[in-house]
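[1] would you be able to build a 3D model of this:
(chains A, B, C and D)
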Protein chains: 2
Amino acid sequence: MARKISESTVRRLSRYLRRLRELDARERRSVVSSAGLAQSTGTTAAQVRKDLSHFGSFGKRGQGYPVRALREQLEEILGLTQRWRVAVLGAGKIGSALLGYGYFTQRGFDVVAAFDSDQSRIGLDLGGVRVQPLSELKRTFEDRRVAIAIIATPVEAAQQSADMAVGAGARAILNFAPVKLDVPEGVAVREMDVTLELEGLCYMLTTGGPAADDTE
Amino acid sequence: MARKISESTVRRLSRYLRRLRELDARERRSVVSSAGLAQSTGTTAAQVRKDLSHFGSFGKRGQGYPVRALREQLEEILGLTQRWRVAVLGAGKIGSALLGYGYFTQRGFDVVAAFDSDQSRIGLDLGGVRVQPLSELKRTFEDRRVAIAIIATPVEAAQQSADMAVGAGARAILNFAPVKLDVPEGVAVREMDVTLELEGLCYMLTTGGPAADDTE
DNA sequence: TCCCGTTTGTGAAAGAGATCACAAGAACAT
DNA sequence: ATGTTCTTGTGATCTCTTTCACAAACGGGA
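    Have a look, this model is predicted:
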């Protein structure tokens, strides 16, 4: 089957899945067309069909795609048929928010551990998870088979935390610290930098914005 | 000068800027080569040069780029010579975390207001900002000239919140709710969905990971 | 001044991703 | 059965992005 799937395609697949889950659970729709999916995920019908065609043919001509079955296919493709165990490194503001984040569970992720270097936070119960000291990180990662680490530390501690996570067996990292992480080959990293996104918005406002149209 | 700058280019510019600020403030370096910047932002030297060349020529051949001046240029390009006023909609876990997020101020963003629909949260002081009821949203946006709204509500309230923000004059939205927002033309939206990113990591783990390069 | 090592800026080539356009398949009415 | 309408799946095309490759510029040393 398909070999090289681009990151942008994977991103869109994930959006399709998000929408399919809504359609299935909330709106009780049983079929959806590529045009419908495109509309509600911000892309085009052709793009939807092309994306899906890399993995097989899931629709019926003239009818569209069966919501439930396509949802399951996408879960399969994205590797979401298993639940994933996640650990949060850094139990400050962002870390705490993530530990209480309601959408993880229903989307297949279990936050099974939290760590912090600050003595005063250790032992706290955040969203049902006890904050542990870094000294317990390696053992916990191994015991609980944590595959994904979420870095929610300040910039200064981020690289070091990432190193520890990788050393303890993490194979993927979601990084909230506004710094580029160096990781060994084979470790996947995705970055979520709020100010980076805000800056992108500023760019659009200062260029596309005032000078785009003569609308005022 | 340059006409159409792609979103990926803008993203990289923002990363260059992030790195330049580190070099300037923390590491006290006064020049940096395209190769150096590339290295620490995860791209290639040619890409750095091409990106910058869209806006002018900022380096000295044989020497590299002056850190301070290039930083200022990028701030200019991205529209960061002014400070931006931001409001947070939704004062739950994520909203609170954002209100206490330390990197906004030093990066040019001021969170000047917070809103929630929950009576029990109104009046709270979160990170120096008082949580207001939605009824005060429009007036506050206008009075304080809020240009950017951060949506940190649950999914169900996200679209409605976005509508209110746009109605009150917001021209850009940073959306943390895992749902696609519909906004009028001219309003910029960026989405930050944690589970979407996690799913991307899962895809890499299940495909690229175990079976990196074998035949199938 | 002239040479040498270095690094930028940029056209040209290559590569990737998105869009087009249409034949093929499916349901349904007559 | 046949025609009509709808929508998928996909080669071909087009557009955008990245990479390549090299001349031009700079600083320093002799």
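[2] just to check, A:Ala147 is in contact with A:Trp84?
    Yes. If you go by Cβ atoms under 8 Å, A:Ala147 and A:Trp84 touch, sitting 6.1 Å apart. For glycine as for every other residue, the C-beta is placed from the backbone atoms N, C-alpha and C.
[3] show me what the longest strand along chain A is packed against.
    What stands out as the longest strand in chain A, according to DSSP state E, is strand A:109-116. Other helices and strands packing on strand A:109-116, by 3 or more Cβ pairs under 8 Å, 6 or more residues apart in numbering or on different chains; DSSP states H and E, are strand A:84-89, helix A:93-99, strand A:129-133, helix A:137-143.
[4] repeat that for 7 Å
    On a contact count with 3 or more Cβ pairs under 7 Å, 6 or more residues apart in numbering or on different chains; DSSP states H and E, strand A:109-116 meets strand A:84-89, helix A:93-99, strand A:129-133.
[5] can the last one be found next to chain B?
    It stands for strand A:129-133. No. Judged by Cβ under 7 Å from any Cβ of the partner chain, strand A:129-133 and chain B are separated, with a smallest distance of 13.7 Å.
[6] from the middle of its chain, how far away would that strand be?
    Mean-position distance between strand A:129-133 and its chain equals 23 Å (Cα atoms, centre = their mean, to the nearest Å).
[7] who does A:Ile150 bridge with?
    A:Val88, A:Leu174 (DSSP bridges).
[8] can you pull the contacts of it?
    The contact partners of A:Ile150, by Cβ atoms under 7 Å, 6 or more residues apart in numbering or on different chains, come to A:86, A:88-89, A:98, A:174, A:176.
[9] between these, which is nearest DNA strand D?
    Lowest distance from DNA strand D to these (Cβ to the nearest atom of the strand) belongs to A:Leu174, with 21.5 Å.
[10] so where's chain A uncertain?
    Along chain A, segments meeting pLDDT under 70 span A:1-3, A:209-216.
[11] change it to 90
    Within chain A, the stretches with pLDDT under 90 are A:1-4, A:208-216.
[12] quick one on the thing from earlier: ok, the contacts of A:Ile150 vs B:Leu196, which is closest?
    A:Leu174 (10.6 Å; Cβ to Cβ).
[13] how about stretch A:66-73 and DNA strand D, touching?
    No. Stretch A:66-73 lies apart from DNA strand D when judged by Cβ under 7 Å from any atom of the strand; the minimum separation is 9.2 Å.
[14] what sits against the residue most central in space within chain A?
    Chain A has A:Leu174 as the residue nearest its centroid, 7.7 Å off, counting by Cα atoms, centre = their mean. A:Leu174 is in contact with A:148, A:150, A:190, A:192, B:197-198, B:201, counting by Cβ under 7 Å, 6+ apart.
[15] restrict those to the buried ones and give me that as a PyMOL selection.
    Remark: buried members of the contacts of A:Leu174, expressed as a PyMOL selection using 16 or more other Cβ atoms under 10 Å in any protein chain shown:
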select buried, (chain A and resi 148+150+190+192) or (chain B and resi 197+198+201)
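[16] quick check: the farthest pair among the contacts of A:Leu174?
    Most distant of these, by Cβ to Cβ, are A:Ile148 and A:Met192, 13.3 Å apart.
[17] I would like the residues contacting the biggest helix by length in chain A, please.
    Assignment by DSSP state H gives helix A:7-21 as the longest helix of chain A. With Cβ under 7 Å, 6+ apart as the test, helix A:7-21 has contacts from A:37, A:40-41, A:43, A:48, A:51, A:67, A:70-71, A:74-75, A:77-78, B:178, B:196, B:199-200, B:203.
[18] what angle do that helix and helix B:7-21 make?
    Angle, helix A:7-21 to helix B:7-21, by axes from the mean of the first three to the mean of the last three Cα atoms, to 10 degrees: 110 degrees.
[19] helix A:7-21 and DNA strand C, any residue contact?
    Yes. Judged by Cβ under 7 Å from any atom of the strand, helix A:7-21 comes into contact with DNA strand C through A:7-9.
[20] so which bits of that helix are buried?
    By 16+ other Cβ under 10 Å, the buried positions in helix A:7-21 come out as A:9-21.
[21] in JSON lines, list those along with distance to DNA strand D.
    JSON lines is the format used below for these (distance: Cβ to the nearest atom of the strand, whole Å):
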{"residue": "A:Thr9", "distance to DNA strand D": "13"}
{"residue": "A:Val10", "distance to DNA strand D": "16"}
{"residue": "A:Arg11", "distance to DNA strand D": "14"}
{"residue": "A:Arg12", "distance to DNA strand D": "14"}
{"residue": "A:Leu13", "distance to DNA strand D": "13"}
{"residue": "A:Ser14", "distance to DNA strand D": "18"}
{"residue": "A:Arg15", "distance to DNA strand D": "16"}
{"residue": "A:Tyr16", "distance to DNA strand D": "12"}
{"residue": "A:Leu17", "distance to DNA strand D": "16"}
{"residue": "A:Arg18", "distance to DNA strand D": "18"}
{"residue": "A:Arg19", "distance to DNA strand D": "13"}
{"residue": "A:Leu20", "distance to DNA strand D": "13"}
{"residue": "A:Arg21", "distance to DNA strand D": "18"}
